[in-house]
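K.L.:
got a structure for you, letters missing:
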């Protein structure tokens, strides 16, 4: 790559970053649509390979995804809202159990006394915050409906996402091909190699790990529902989301489920059923889900994922959270090639 080309790519990158900063208030629906199109493109490609036209393939994939998302939203949000309210009512009981059971046990076995701790303030703080969380959907719709412009903007973004997704998905391969033809001829093979590696990294995480997280959430929720736990859906979804870090979902979920089971059933045998549910979930993850959905592809390290999401949110808000993983994948690939170049340079082997 010549010096002029390096300056060109640097200037283009800076301009794009500056535009991203300026336009972030309106970019959310476009980025969400682009991510959904990226996730759906392999399915459309498979249907197209079976003889369907690109437009018909996109219509089929778009219809299925839209129907599934609508059903999930219509069914999931009210259920989660109800279970959050149930959990809010259990918080005082959890704190009472900590004061009457766990603190005396800790003192008896370790000699550490927590009697002077102000548990009443903790109870009021946690109850207040979780009550606000339980009413978040109602507050959101209330605040939006108070302003006609805010309501119009919210509805426009909601409608814009599927429209943009449809057109991006239909023209995805064409756009990628045109971008490839815009690159300087001497750097196109290298950029295509990097793009392919970035796609592998993102595919391993977004198309793999996120599906594993969703599947675990469903497995844990169904298992806890089968043993009669009232907070089955909430605990299962939290455990699934926490599975972004290996084994974190298991520990977070089993602790939350054990506390909820003890408060609901007041029977030690309930803990055995909770342990069985999470043991089955872990076995399915290790033997079925991860080999099938992720395989041997190298994705983003869990710590890199957490840092990327937090850094993106800090720098660019919600838009930063949406683009955090793609940017992290690009940086990871570039660092890998930079590391290889450094190991073969005179700086390393001198």
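P.N.:
Okay, I see it. Here the structure is a predicted model, which is why all the values come from computation and not from measurement.

K.L.:
what stretches of the protein score poorly on pLDDT?
P.N.:
1, 111-154, 294-300, 350 (pLDDT under 70).

K.L.:
residues in contact with residue 37?
P.N.:
Counting by CB atoms under 8 Å, 6 or more residues apart in numbering, residue 37 touches 165, 168, 169, 172. The way it works is simple: take the backbone N, C-alpha and C, and place the C-beta from them, glycine included.

K.L.:
Which ones among these map onto helices?
P.N.:
Among the contacts of residue 37, the members found in helices (DSSP state H) are 165, 168, 169, 172.

K.L.:
how many other residues sit next to residue 260?
P.N.:
By the measure other CB atoms under 10 Å, the count of residues near residue 260 is 24.

K.L.:
Leaving out sequence neighbours, find the closest residue to it.
P.N.:
Computed as CB to CB, 6 or more residues apart in numbering, the closest residue to residue 260 that is not its neighbour in sequence is residue 231, at 4.8 Å.

K.L.:
Please apply the same query to residue 34.
P.N.:
Excluding its sequence neighbours, the residue lying closest to residue 34 (CB to CB, 6+ apart) is residue 168, at 5.9 Å.

K.L.:
Also residue 214?
P.N.:
That would be residue 240: by CB to CB, 6+ apart, it lies 6.3 Å from residue 214.

K.L.:
So the one you found, which state does it fall into?
P.N.:
Taking DSSP: H, G, I helix; E, B strand; the rest coil as the rule, one finds residue 240 in the helix state.

K.L.:
pull the longest helix from this structure.
P.N.:
As assigned by DSSP H, the longest helix anywhere in the chain is helix 3-49.

K.L.:
Which elements pack onto whichever helix or strand comes after it?
P.N.:
Counting by DSSP states H and E, the next helix or strand C-terminal to helix 3-49 is helix 54-97. Helix 54-97 sits against helix 3-49, helix 119-134, helix 148-170, helix 232-242, helix 248-265, with contacts defined as 3 or more CB pairs under 8 Å, 6 or more residues apart in numbering; DSSP states H and E.

K.L.:
Just put these in JSON lines and tack on distance to residue 337.
P.N.:
Output for those, formatted as JSON lines (distance: least, CB to CB, whole Å):
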{"stretch": "helix 3-49", "distance to residue 337": "15"}
{"stretch": "helix 119-134", "distance to residue 337": "44"}
{"stretch": "helix 148-170", "distance to residue 337": "28"}
{"stretch": "helix 232-242", "distance to residue 337": "32"}
{"stretch": "helix 248-265", "distance to residue 337": "30"}
